[in-house]
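In: Please find the sequence and the predicted model below.
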Amino acid sequence: MPDITFIHFDGTEQGLEAPEGVSVMQAATGAGVAGIVAECGGSAMCATCHVVVDEAWADKLPPPLANELEMLECTATERQPTSRLSCQIKLTAAMQGLVVRIPERQQ
Amino acid sequence: MNDTLSVPELDIDPYSEENLLDPYPMHERMREAGPVVRLTPYGSLLACARHAETHAVFNDHARFISGAGVGLTNFNLETPFRPKSLILEVDPPLHTQNRAVLSRILSPKVVMQIRAAFTAEAESLIDRCLEKSVAHEQIDGIHDLAQPYPLKVFPDAVGLGEDGRENLLVYGDMVFNSMGPRNELLAKSTARVAEVTQWIMAHCQRDKLKPNGFGDQIYQAADAGEIDPQHAPMLVRSFLSAGVDTTINGIGNALYSLAHHPDQYAMLHADASLARPAFEEALRWESTVQTFFRTAAGHCEIAGIPVRDSTKVLCMLASANRDPRKWPEPNRFDIQRRPTGHMALGSGIHGCVGQAVARLEGEVVLTALAKRVKRIEVAGPHTRRLNNTLRALETLPLHLIPV
C-alpha cells in the first residue's frame, strides 16, 4: 500500500494510501484531492491532472511516453522539469512515500 | 472450453425500439445479471454493462482490439459498411501514428486558441434563440440550438465551406447506425448512402479545405511525412463523421437534462462557472454514444469469464455511467458531481480524440445560456430520433425565460 503525499499550491500537505496498480490520478480523485481535475478520466487527453514530482523522486519513475509529453505542452500552469500527468504514473511498491506538488491551476 | 454455463443469458435486444427509447431498465437488468452477460438474439457476443469491466476492456487494447470494427459486424468475417476508419477502427502501430497527428490538431492548446470564436458564436446563437422564444413562446432546443451550433463552429474550424453541411448530419446518422445490426433503422438512414458518401469524400480533398483549418493540417502532417499521404482524406473523413452528430446530441441531451431538473438549472444560472461540470454530468447521465464494441484477439477473460478468440464484446458505456457500483445515486442528475471516469467519451487509447473541443462547445453554450436565461421550461413533449448507437432527440420544445 504505497503512501503518497500531495502538496497543495498553498503549501498544505495531504497524505493518502493507495493500492498498487492504480494511477496517482485515480488515487487522488478517489480520495477527493482538490486540484486534480482529470477531466478525461485517464486517457492522457486533457492535461488537467498535472503534478510536479518532487525532485527526489523524479528519476525513480518510469519516463513519460510520447502522448504524455505532447499533452504536457498543454498544461494550464507552466510545465516544470519534473512535471507529469498523474494519470500516467501507475503506483508500485517501489513508490512508497512518493511526493508530488499540485500546480496553481489545471484549467 | 465450457464457457456458456457460467455466463447469464438474457432475452434482451438492445436495438429494439422499446430499448432504444428507454434503455435504462435494460441497463439495470444487464448490470445486475453479472459482470458479463449473453444476449439471446445475438448469441455469439458477450456484453459488459458494469463500469469496472467496461473500463477494463477499453483499457486493454492489445487483447480487445478495434481493428475488427467497433460495431456488431466483425470486419475479419464480413465486409465493413464503409472503408474502415484509420483511427477508430485500427490498432497500434498505425493507430498510434495517426492518433498523434489528430491529437495535436485537437489538443487543449488549440482549444485555447479557438475559445473566443466559439464563445462569440454561442452568445449570438443564444441571443437569437431568446428572441425567438420571446416572440413565439417556444423554441425547438434541437433545431434552433443544439444542431445549428456544432454545425456552424466545427466545420468552420475544419475549414469546410458553408454549403451542403446538412450532408454531415445524414452521414453521421448513417455511420452510427451502421455499428448496430442491419435493421430497419440502418436501411432508412442509408437510403441516400451513395450521394451523401460522394459529397463527404469530395469534401475530404485538400482543395475543399481552407488553409490552416483542422482538415488542411492533416495534409500538412502528410507533407511533413508524419502520416501516409494516402491516409489524409480518410483522416479528414473522421472529423466529418465524428465531429458533429456527437456534439449535437451532447448539447441536446444537456438541454434536456437541465430542462427537466429546474433546481439544477437554477444552480447553473446562479453560478455560470458550473457550465463545464454540468455538461460533464449530462454526458454521464444521458450519454450520447450508448455502446461500442471491441473484439477479442485470442482467448482471454473478463472478470474471470473465459472469452474465445474473435468474440465481439458489447460495451454498454451509458450503462457503465449509471452503475451504482461506481456512482452514488447514479440516476440522480447532479451538476456538482464531477464525474471523473465516466465512459461517455470512451477511455484508453481510443478515447475521443476531439474531447477537448467537445467540452469547449458544451461549456460555452451552457455558459451563454446560464448568463442570459433565467429559467428553461419544457414547452411540450419531446420526440426521439432513434439510432443504433446514439441517444438522440428529434425535437425538444422549450421556453426560455430571459433574465
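Out: Yep, it's here. Numbering: from 1, shown residues only, chains lettered A, B, ... in the order given.

In: From one end of stretch B:100-119 to the other, what's the distance?
Out: Using C-alpha to C-alpha, to the nearest Å, the end-to-end distance of stretch B:100-119 comes to 27 Å.

In: Buried residues of that stretch, list them for me.
Out: Within stretch B:100-119, the residues that qualify as buried by neighbour count (16 or more other C-beta atoms under 10 Å in any protein chain shown) are B:100-108, B:110-111, B:114, B:118-119. Glycine gets a C-beta too; all of them are placed from N, C-alpha and C.

In: quick one: which of the residues you listed sit in helices?
Out: Among the buried residues of stretch B:100-119, the members falling in helices (DSSP state H) are B:100-105, B:108, B:110-111, B:114, B:118-119.

In: Phi first, then psi, for the residue sitting nearest the centre point of chain A.
Out: By C-alpha atoms, centre = their mean, chain A has its centre lying nearest to residue A:86, at 2.8 Å. Note on residue A:86: backbone dihedrals following degrees, to the nearest 10 are phi -70, psi -20.

In: Quick check: it touching residue A:22?
Out: No: counting by C-beta atoms under 8 Å, residue A:86 stays clear of residue A:22, with 10.8 Å between them.

In: related to what we said a few turns ago, pick out the most distant pair among the buried residues of stretch B:100-119.
Out: Pairwise distances across the buried residues of stretch B:100-119 peak at 28.5 Å for B:100 and B:119 (criterion: C-beta to C-beta).

In: Just put the ones in helices among the buried residues of stretch B:100-119 in CSV and tack on distance to chain A and pLDDT.
Out: Output for these, formatted as CSV (distance: C-beta to the nearest C-beta, whole Å; pLDDT from 0 to 100):
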residue, distance to chain A, pLDDT
B:100, 7, 93
B:101, 11, 95
B:102, 11, 96
B:103, 7, 93
B:104, 6, 94
B:105, 11, 96
B:108, 4, 92
B:110, 9, 94
B:111, 8, 94
B:114, 14, 97
B:118, 15, 98
B:119, 15, 98
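
In: Reformat those residues into CSV and put distance to residue B:349 next to each item.
Out: Formatted as CSV, those follow (distance: C-beta to C-beta, whole Å):
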residue, distance to residue B:349
B:100, 11
B:101, 14
B:102, 12
B:103, 10
B:104, 15
B:105, 17
B:108, 18
B:110, 20
B:111, 20
B:114, 25
B:118, 27
B:119, 31
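
In: Report how many residues lie close to residue B:257.
Out: 21 (other C-beta atoms under 10 Å in any protein chain shown).

In: So it sits against residue B:333, correct?
Out: Yes: counting by C-beta under 8 Å, residue B:257 touches residue B:333, with 5.3 Å between them.

In: list residues touching both of those two?
Out: Here residue B:257 and residue B:333 have B:264, B:281-282, B:285 as joint contacts, going by C-beta atoms under 8 Å, 6 or more residues apart in numbering or on different chains.

In: host element of the one residue in chain A that gets nearest to chain B?
Out: Per C-beta to the nearest C-beta, residue A:43 is where chain A lies closest to chain B, at 3.5 Å. For residue A:43, there is no enclosing helix or strand under DSSP states H and E.

In: burial measure for the residue lying closest to it once chain neighbours are set aside, as a count.
Out: Nearest residue to residue A:43 in three dimensions, chain neighbours excluded: residue B:351, at 3.5 Å (C-beta to C-beta, 6 or more residues apart in numbering or on different chains). Using other C-beta under 10 Å, residue B:351 has 21 other residues around it.

In: Which residues are in contact with residue B:351?
Out: Neighbours of residue B:351 in contact, by C-beta under 8 Å, 6+ apart: A:40-41, A:43, A:45, B:58, B:345.

In: I'd like the next helix or strand past the helix-or-strand element of chain A with minimal mean pLDDT.
Out: Within chain A, no helix or strand scores below helix A:66-72, which has a mean of 91 by mean pLDDT, DSSP states H and E. Stepping forward along the backbone from helix A:66-72, the first helix or strand reached (DSSP H and E) is strand A:83-85.

In: What pairs with that next one, parallel or antiparallel?
Out: strand A:50-53 (antiparallel) (DSSP bridges).

In: Tell me the first helix or strand C-terminal of the strand it pairs with.
Out: helix A:55-58.

In: what residues does chain A put near chain B?
Out: Residues of chain A lying close to chain B by C-beta under 8 Å from any C-beta of the partner chain are A:26, A:29, A:37-43, A:45-47, A:66-67, A:70-71, A:73-74, A:107.

In: host element of the closest residue to residue B:386 other than its chain neighbours?
Out: In space, and not counting its chain neighbours, residue B:386 is closest to residue B:20: 4.8 Å by C-beta to C-beta, 6+ apart. In this structure, residue B:20 sits in helix B:17-21 according to DSSP H and E.

In: mind listing what's buried in that helix?
Out: B:19-20.

In: got the contact list for it?
Out: B:12-14, B:26, B:384, B:386-388.
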